[in-house]
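> Here is a sequence together with a model predicted from it:
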Amino acid sequence: MIKIEINGIEFLVKPNISVLEACKYVGITIPRFCYHETLSVAGNCRMCLVEISNSPKPVASCALPVLNNMKIFVDTPLVKKARENVLEILLLNHPLDCPICDQGGECDLQDQTKVFGGDYSRFFFNKRVVEDKSCGPLIKTIMTRCIHCTRCVRFGTEIAGVEYLGTLNRGGATEIGGYISNSFKSEISGNVIDLCPVGALTSKPYAFKARPWELRTSESIDLTDNLGSNTYINFKESEIMRVTPKMNFTLNDNLISDKARFSYDSQKLQRLQRLFHKDSNTFIISNWDDFFLEIEPLLQNNKKVTLLVNDELDLISLSLAKALSFKYNVEVKSISNNANNSNTFISGQYSKIHDLKKNSKFCFLVSSNLRIESALLNAKLRLKFVNEDLTVFGLNQIFNSNFNIQFVNLNIKKLILFIEGKSILLSKLFLSHANPLIFLGNNLNKAGLNLTSVLNTFKKISPTSIVINNVQSCNSQGAHLLNVKNFTSNTYLTSDTVICLNLDNTYTLANSLSKTSAKIIWANTHGSSLALKSTRIIPLLSELEEEKIFLNLEGRPQKTLKIFSGINNARSLESLLTLLISNAKIDKKSNFLDFINEIILTPNLFEKITTVYSSILCYKNYKIKNFIHTELLKPLYFDFYRTNKASKASLIMSKCSQEMRKFSTNFYE
């Protein structure tokens, strides 16, 4: 700690920080435009000027490191006049369009002009006009408002890894724009909307829809990937207006992906609102009484009922479905590729996000396209790659990345040799350095590998390794905890009724259901082509219409809050399953852990959770062993904007996918 003096008061602060940061830590706010905690220091707005003893003129506090016994003055007449002059210059060409600006009411330029600015301007020249740029379907640009803080430029270069925006021209003709006419091709591009201190970059879907003081706010989490980023939902009456990030230093910092930010329109598009039953290939509006009259005999007459779930179903509903399977002749199966294939669950077996800060020499992406599967994890890995001496190997087919990856296209046989420490080159790199990073992709389970055994093997060979199971779904850890098994072909052949609980319309599901003669009941928040092939359609509440609990990739429980009431006849899946279990005692959400202990983990109701080491390969899903050995690894997803049910129902995400395909090719760039 070093001693400094601010406005005549002594403070002890950490060394190697700037004067602006030192003032912030002791509770003194210094205005700024270009400075941001997550970006490098630019020092070009000059709004953070302070006076230093023995200095002939004010200095920029964001670029000046603190020194022992330094004397700082932040509110002298010289500093106040300097800030007033800086604001006067920034407003020279800024348009007076605050009443129609989407940033109005939460604009840094407005706020700081009110506090530090003057009440008149000495300039009367015509204002300069700058041509607006095209950044795609998500970001709206009005570049005449730009004050050249370069936050967006530094964000694209340092965090997003896309050098799209830059500073063009010089002097009075300076402007921010793209080097070529193209879209901002990044999975986290929407964060420049939050970074922009003025209204130059705003949300295109949110444009002219609401004012900040008209919005109400509720906390929630992102369910489009496995990270569970913390978010704020801004809504007006019964409609979501926008989604913004909530600061969480242990998960997403102050960033969210574009899917989390812009897929909110899926909450109202293609929603199921009424019950239907099929009569002579025609759907007729039904009611809940008819549904229970049909479903109860199926459960009580030893009819084989299969509950099809996926890893996006919340933890309470999965638990109730499991409990239902012990009371009746019901089987719970998952259609997710990353469902558990063994009876193992080890508490805390997965590494945490903060483990990425450990010093690592090598990183291995095993059948994982991290940029699409988890955009924020990819951003964290890229920052680690840029700031440290990190070598990244991609053990799968080549794909476009925003940092340098050395691709080694392995088949399953060679991957097993690497996992077991028998690969000559890769295993040597893995074993010879501490804290190697390993990301396990979504496609490993589909390729016939047991993810639990793979993880255990990595940990057994290198106990200090950091292994992150980068599953795509938001509650894969919950399905793993409750030991939900993958479906097989016999699942459909032996079932009398198949109930699809909140599933995504995929080719695998459609192909499987086409082979069964069983009754199909579609219980979902959204409709789809598969719903038209069912005998009954049941509307369910979404994650924003009831409280739901999800486990992210760390096993961290997080919940969504109830913001809206249900649509028409939609009901909670939790309440439906509870009604079907007469002896399930759930009085309130706070008793959920007691419910787990008393019902789910009871030995005579639930498979015993063990830590038995099992085989890495699961040959039961394949007929030909040689085919497994020669199959090449590849990532499971190639379109970031169409990976789950919510993003597929979103019109905004559909436009983004179309925009991405305009510039895509069949060849690696």
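Arrived safely, thanks for sending. In this text, all values refer to a predicted model and were calculated from it rather than measured experimentally.
> any low-confidence regions in the stretch 201-350 of the chain?
Where the stretch 201-350 of the chain drops to pLDDT under 70, the residues are 337-350.
> all strands of it, in order?
Ranges of strands in the stretch 201-350 of the chain, per DSSP state E, counting those that start in this stretch, are 201-203, 216-221, 230-236, 239-245, 276-279, 282-285, 305-309, 330-334.
> Next SSE downstream of the lowest-mean-pLDDT helix or strand in the chain?
Here the helix or strand of the chain ranked lowest by mean pLDDT, DSSP states H and E is helix 625-630, holding a mean of 48. The element immediately downstream of helix 625-630 (helix or strand, assigned by DSSP states H and E) is helix 645-648.
> List the buried residues for the next helix or strand along the chain from that following helix?
Past helix 645-648, further along toward the C-terminus, the next helix or strand under DSSP H and E is helix 651-662. Within helix 651-662, the residues that qualify as buried are 652-657, 659-660, counting by 16 or more other CB atoms under 10 Å. Where C-beta positions appear, they are placed from N, C-alpha and C, glycine not excepted.
> Now the two most distant members of the residues you listed.
Farthest pair in the buried residues of helix 651-662 (CB to CB) is Ile652 and Met660. Separation: 12.8 Å.
> If we only consider the buried residues of helix 651-662, which is nearest to Leu455?
Met653 (31.4 Å).
> Okay, the closest one and Asp258: tell me how far apart.
Using CB to CB, to the nearest Å, one gets 8 Å for the distance from Met653 to Asp258.
> Now do the shared contacts for these two.
Counting by CB atoms under 8 Å, 6 or more residues apart in numbering, the contacts common to Met653 and Asp258 are Tyr641.
> wait, what's in contact with Tyr232?
Tyr232 neighbours (CB under 8 Å, 6+ apart): 217-220, 243-246.
> Name the helix or strand for Lys422, please.
Per DSSP H and E: Lys422 is located in neither a helix nor a strand.
> that older thread, ok, of the contacts of Tyr232, which come out buried?
Here, 16+ other CB under 10 Å leaves 218, 220, 243-246 buried among the contacts of Tyr232.
> which residues in the stretch 501-650 of the chain form helices?
507-513, 573-580, 592-595, 625-630, 645-648 (DSSP state H, counting those that start in this stretch).
> Just the residues contacting the longest one, thanks.
Counting contacts by CB under 8 Å, 6+ apart, the residues outside helix 573-580 that touch it are 292, 295-296, 299, 313-314, 316-317, 320-321, 324, 328, 501-502, 523, 538, 540-541, 546, 584, 586.
> Where does the prediction get shaky in the chain?
Ranges of the chain meeting pLDDT under 70: 337-350, 447-448, 489, 582-631, 663-669.
> Outline the domain layout of it.
Using automatic domain parsing, the domain parsing of the chain gives 2-90, 124-267, 276-343+478-583.
> out of the ones you listed, which comes closest to Cys107?
Of all the domains of the chain, domain 124-267 sits nearest to Cys107, with 6.1 Å by CB to CB.
> Need the distance between the two termini of the closest one.
Start-to-end span of domain 124-267 (CA to CA, to the nearest Å) is 49 Å.
> just stretch 461-469 next, same as before
Distance between the two ends of stretch 461-469: 17 Å, counting by CA to CA.
> Return the distance of it from the chain's centre.
Taking CA atoms, centre = their mean, to the nearest Å, one finds stretch 461-469 lying 23 Å from the centre of the chain it belongs to.
> what's that stretch in contact with?
Contacts of stretch 461-469 (CB under 8 Å, 6+ apart): 338, 350-351, 355-356, 358, 360, 377, 419-421, 430-431, 434-440, 451, 455, 458-459, 476, 553.
> So which bits of that stretch are buried?
Judged by neighbour count using 16+ other CB under 10 Å, the buried positions of stretch 461-469 are 462, 465-469.
> Tell me how many other residues surround the closest residue to Asp102 other than its chain neighbours.
In this structure, Asp102 finds its nearest non-sequential neighbour in Thr202, 4.3 Å apart by CB to CB, 6 or more residues apart in numbering. Around Thr202 there are 20 other residues, counting by other CB atoms under 10 Å.
> Glu331 too?
Number of residues near Glu331 (other CB under 10 Å) recorded here: 17.
> Would you check that it makes contact with Lys304?
Yes - if you go by CB atoms under 8 Å, Glu331 and Lys304 touch, sitting 7.3 Å apart.
> Show me the helices in the stretch 251-400 of the chain, by range?
Secondary structure of the stretch 251-400 of the chain by DSSP H, counting those that start in this stretch: the helices cover 258-262, 288-300, 315-327, 370-373, 375-387.
> Go through those and pick out the most buried.
Counting by mean count of other CB atoms under 10 Å, helix 258-262 has the highest mean neighbour count of the helices of the stretch 251-400 of the chain, with a mean of 27.
> Let me see the residues that make contact with that helix.
Contacts of helix 258-262 with the rest of the structure, by CB under 8 Å, 6+ apart, involve 138, 186-190, 203, 205, 222, 224-225, 229, 231, 242-245, 375, 640-641, 643, 646-647, 650, 652-653, 656.
> Distance to Leu482 for the helices of the stretch 251-400 of the chain - can I get that in a markdown table?
Rendered in a markdown table, the data for the helices of the stretch 251-400 of the chain read as follows (distance: least, CB to CB, whole Å):
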| stretch | distance to Leu482 |
| --- | --- |
| helix 258-262 | 25 |
| helix 288-300 | 20 |
| helix 315-327 | 5 |
| helix 370-373 | 23 |
| helix 375-387 | 24 |
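> For Glu331 and Lys304, list the residues in contact with both.
Contact criterion CB under 8 Å, 6+ apart; residues shared by Glu331 and Lys304: Ser495.
> ok, back up a step: among the helices of the stretch 251-400 of the chain, which is nearest Leu275?
Short answer: helix 288-300, nearest of these by CB to CB, at 6.2 Å.
> the strands in the stretch 451-600 of the chain, which residues?
Ranges of strands in the stretch 451-600 of the chain, per DSSP E, counting those that start in this stretch, are 466-469, 485-486, 497-501, 519-524, 536-539, 548-551, 557-560.
> Pull the contacting residues for Leu298.
Leu298 makes contact with 305, 496-497, according to CB under 8 Å, 6+ apart.
> 6 Å instead, please
Neighbouring residues of Leu298 by CB atoms under 6 Å, 6 or more residues apart in numbering: 305, 497.
> swap in the one 3 residues further on?
Applying CB under 6 Å, 6+ apart, we find Asn301 in contact with no residue.
> what's the closest non-adjacent residue to Leu269?
Nearest in space to Leu269, with sequence neighbours left out and distances taken as CB to CB, 6+ apart, is Ala649 at 5.4 Å.
> quick one: that neighbour and His526 touch, right?
Yes - Ala649 lies in contact with His526 (CB atoms under 6 Å); the separation is 5.1 Å.
> what residues do these two have in common as contacts?
Common neighbours of Ala649 and His526 (criterion: CB under 6 Å, 6+ apart): Gln270.
> Out of the domains of the chain, the one nearest Gly105 is which?
Of the domains of the chain, nearest to Gly105 by CB to CB is domain 124-267, at 4.0 Å.
> Relative to the whole chain's centre, how far out is the closest one?
Here the centre of domain 124-267 is set off from its chain's centre by 16 Å, with CA atoms, centre = their mean.
> tell me the contacts of Gly117?
Applying CB under 6 Å, 6+ apart, the residues near Gly117 are Leu87.
> now with 10 Å?
Contact analysis of Gly117 by CB atoms under 10 Å, 6 or more residues apart in numbering lists 83-88, 90-91, 109-111.
> how about stretch 564-574: buried residues?
Those would be 564, 566-567, 570-574, for stretch 564-574 by 16+ other CB under 10 Å.
> and those as a markdown table, adding distance to His148?
Compiled in a markdown table, the buried residues of stretch 564-574 are given as follows (distance: CB to CB, whole Å):
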| residue | distance to His148 |
| --- | --- |
| Phe564 | 41 |
| Gly566 | 48 |
| Ile567 | 46 |
| Ala570 | 49 |
| Arg571 | 53 |
| Ser572 | 51 |
| Leu573 | 51 |
| Glu574 | 52 |
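> Among these, which one sits closest to Phe487?
The closest of these to Phe487 turns out to be Leu573 (CB to CB; 19.0 Å).
> Noted, bye for now.
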